[in-house]
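Visitor: Sequence and predicted model, in that order:
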Amino acid sequence: MAMKKVKVEDAVGMVLGHDLTKIVPGQYKGPAFRKGRIIRQEDIPHLKDIGKDHIFLLELGPGQVHEAEAVTRIASAVAGKNIVLTEAAEGRVNLKAAESGLLKVKSETVAAVNNVEHAVFSTLHSNRLVAEGDLVAGIKVIPLVVEEAMVAAVEAIAGEQEDIISVVPLRSLKVGVVITGNEVYYGRIEDKFAPVLAEKVARYGATFLGAVNRPDDAGLIAAAIRQWVEEGAELVIASGGMSVDPDDVTPDAIRQTGAEVVCYGTPVLPGAMFMLAYLSGTAILGMPACGMYSQTTVFDLIFPRLLAGERLGRRDFAAMGYGGLCTACKSCAYPHCPFGKG
C-alpha cells in the first residue's frame with residue numbers, strides 16, 4: 001500500500017488516505033470526507049469547495065483489499081437466514097434482523113472468525129428475541145487495507161457452516177394449560193396462575209386455548225394433558241405441583257401420559273423444578289410455582305426456543321447453568337441483562 005498525491009479530477013475511484021476537514025466558522029468543524037472513502041465524481045465540487053485541488057490517495061498493492069470490500073465480503077459470508085446487511089460505512093457493515101424472531105448465533109464460529117488477525121465479528125447473544133430492523137451484529141476490519149488472504153480465510157471458515165447468524169421466526173403454536181392443585185380445584189383459593197400464563201403465551205405470539213383445573217390426582221392431570229393434545233394443542237403447560245413433596249403429583253402425571261421426559265430439574269434459578277417432555281411430538285411443560293410470582297424464569301428461556309421449532313435435549317439444559325441465575329433486579333430489564341446469556 002502506498003500514498004500518492006493526485007489532482008482531485010483524477011481521483012475518481014481511488015481511496016482517500018486521510019480525513020479531510022470542513023470548517024464553517026461558528027457552525028461546524030469536522031470531517032467532510034473520512035479516510036478510506038472511495039472518491040466519486042460528485043465529490044469533486046465539494047473537495048474544491050474546501051480548498052482541495054490535490055488529495056493524498058491510497059494505492060492498493062497486489063493481493064490487497066480495501067476495508068469496504070473486505071467487510072462486505074465477510075458480512076455476506078457469515079449472514080444467514082433473515083439477516084440483511086447495511087452498506088459499508090467507516091469500515092463497518094451492520095447486520096440487522098430482516099424480521100422478528102429468535103436470534104441464533106454459532107458462537108464457536110464467531111470465535112474462529114475473530115481468531116483471524118484483523119477480523120472483528122461482534123454479535124448479540126444467541127437465543128435472544130429480536131424485532132425486525134434490530135442491530136444483531138457488526139463486522140469490521142482493523143486496518144484500512146487488508147490482505148486478500150485474510151478475507152479468504154474468513155470466507156473459508158464461514159463456508160464450513162450454514163446460518164452462522166440467523167433469525168428464526170416464532171410459530172403461533174396453540175397452547176393448552178392444566179392448572180393443578182386441590183386448593184384451586186375446590187375453590188379454596190383463587191387461581192392466579194392461568195392469567196399469568198395467558199399473558200406470557202400472548203406476549204410471545206402464541207395462541208392461548210384456555211386452562212382447565214384438576215386436583216392433585218395424577219390420573220386426572222394426565223387425562224387432561226392428553227385431552228388437550230387430542231383437541232389440537234401443539235404445546236401443553238401443566239402448572240403447579242412440581243416439587244418433590246409427596247402430594248405434588250404433576251411430574252408423575254406427565255410421565256403417565258406416556259410422554260418422553262427430557263428433563264426434570266434444570267440449572268436455572270428461578271425454575272429448578274421445571275420439566276420438559278414430549279408426547280408424540282407435542283411439548284409438555286411442567287411449570288413450577290415460580291412462574292406465577294417471578295417476572296422472568298426458565299419459561300422465558302425455553303418457550304421462545306420451542307416456538308422457533310427447536311427440540312431441546314439434556315445438553316441444552318445443562319448449558320443453561322452458565323448465565324442461568326436471575327438476580328431478581330428491582331426493575332426487570334430482561335432480556336437486556338445477563339440472565340440466560342450462556
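Guide: Now that the structure is in, tell me what you want to look at.
Visitor: Going along the chain, name the helices of this protein.
Guide: All helices of the chain, identified by DSSP state H, fall at 43-49, 67-78, 107-114, 148-159, 182-185, 193-203, 218-230, 250-256, 290-293, 298-307, 314-319.
Visitor: contact partners of the last one?
Guide: In other words, helix 314-319. 262-263, 266-268, 276, 305, 310, 342 (C-beta atoms under 8 Å, 6 or more residues apart in numbering). In this view, the C-beta of every residue, glycine as well, is placed from N, C-alpha and C.
Visitor: Between those residues, which sits nearest Glu69?
Guide: The nearest member of these to Glu69, counting by C-beta to C-beta, is Gly342 at 34.7 Å.
Visitor: beta partners for the residue nearest the centre of the chain?
Guide: Geometric centre of the chain, nearest residue: Leu103, 2.7 Å, by C-alpha atoms, centre = their mean. When assigned by DSSP bridges, Leu103 has beta-bridge partners Arg128, Val167.
Visitor: average pLDDT across stretch 230-240?
Guide: Mean per-residue pLDDT for stretch 230-240: 97.
Visitor: That one: end-to-end distance?
Guide: End-to-end distance of stretch 230-240 (C-alpha to C-alpha, to the nearest Å): 22 Å.
Visitor: now stretch 334-342
Guide: Using C-alpha to C-alpha, one end of stretch 334-342 lies 14 Å from the other.
Visitor: Please apply the same query to stretch 238-252.
Guide: Per C-alpha to C-alpha, stretch 238-252 runs 11 Å from first to last residue.
Visitor: Please apply the same query to stretch 307-326.
Guide: Using C-alpha to C-alpha, the two ends of stretch 307-326 sit 22 Å apart.
Visitor: next one: it to chain centre, how far?
Guide: Relative to the chain's own centre, stretch 307-326 is displaced by 14 Å; criterion: C-alpha atoms, centre = their mean, to the nearest Å.
Visitor: In it, which residues are buried?
Guide: By neighbour count on 16 or more other C-beta atoms under 10 Å, the buried set for stretch 307-326 is 307-308, 310, 312, 316-317, 320, 323-324, 326.
Visitor: okay, the residues you listed in JSON lines with distance to His336 next?
Guide: Converted to JSON lines, those look like this (distance: C-beta to C-beta, whole Å):
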{"residue": "Leu307", "distance to His336": "21"}
{"residue": "Ala308", "distance to His336": "20"}
{"residue": "Glu310", "distance to His336": "23"}
{"residue": "Leu312", "distance to His336": "24"}
{"residue": "Asp316", "distance to His336": "23"}
{"residue": "Phe317", "distance to His336": "24"}
{"residue": "Met320", "distance to His336": "19"}
{"residue": "Gly323", "distance to His336": "14"}
{"residue": "Gly324", "distance to His336": "17"}
{"residue": "Cys326", "distance to His336": "13"}
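Visitor: sorry, back to before: which of the contacts of helix 314-319 are buried?
Guide: 262-263, 266-268, 276, 305, 310.
Visitor: which one of these is nearest Leu285?
Guide: Of all these, Leu276 has the smallest distance to Leu285: 6.1 Å, by C-beta to C-beta.
Visitor: got a list of what the closest one touches?
Guide: 261-263, 283-286, 302, 312, 317.
Visitor: Give me the subset of these that lies in strands.
Guide: In strands, judged by DSSP state E, the following of the contacts of Leu276 are found: 261-263, 283-286.
Visitor: Can you list the low-confidence ranges for the stretch 151-300 of the chain?
Guide: Residue ranges of the stretch 151-300 of the chain with pLDDT under 70: none are present.
Visitor: ok, 90 please
Guide: Low-confidence segments of the stretch 151-300 of the chain, defined by pLDDT under 90: 244-247.
Visitor: Check the residue nearest to His125 when sequence neighbours are not counted and give its pLDDT.
Guide: Among residues not flanking His125 along the chain, Lys341 sits closest, at 4.6 Å (C-beta to C-beta, 6 or more residues apart in numbering). You'll see Lys341 listed with a pLDDT of 93.
Visitor: For Lys341, what are phi and psi?
Guide: Backbone geometry at Lys341, expressed as degrees, to the nearest 10, gives phi -100, psi 80.
Visitor: Show me how to select, in ChimeraX, the buried members of the ones in strands among the contacts of Leu276.
Guide: In ChimeraX syntax, the buried subset of the ones in strands among the contacts of Leu276 is picked out as below (16+ other C-beta under 10 Å):
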select :262,263,283,284,285,286
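Visitor: Check the ones in strands among the contacts of Leu276 against Ala198 and report the nearest one.
Guide: Of all the ones in strands among the contacts of Leu276, Ala198 sits closest to Leu285, with 14.4 Å by C-beta to C-beta.
Visitor: picking up where we left off before, report the separation between the residue nearest to His125 and Arg203.
Guide: 20 Å (C-beta to C-beta, to the nearest Å).
Visitor: who's more crowded, the two?
Guide: Taking other C-beta atoms under 10 Å, Lys341 and Arg203 do not tie; Lys341 has more neighbours (15 against 11).
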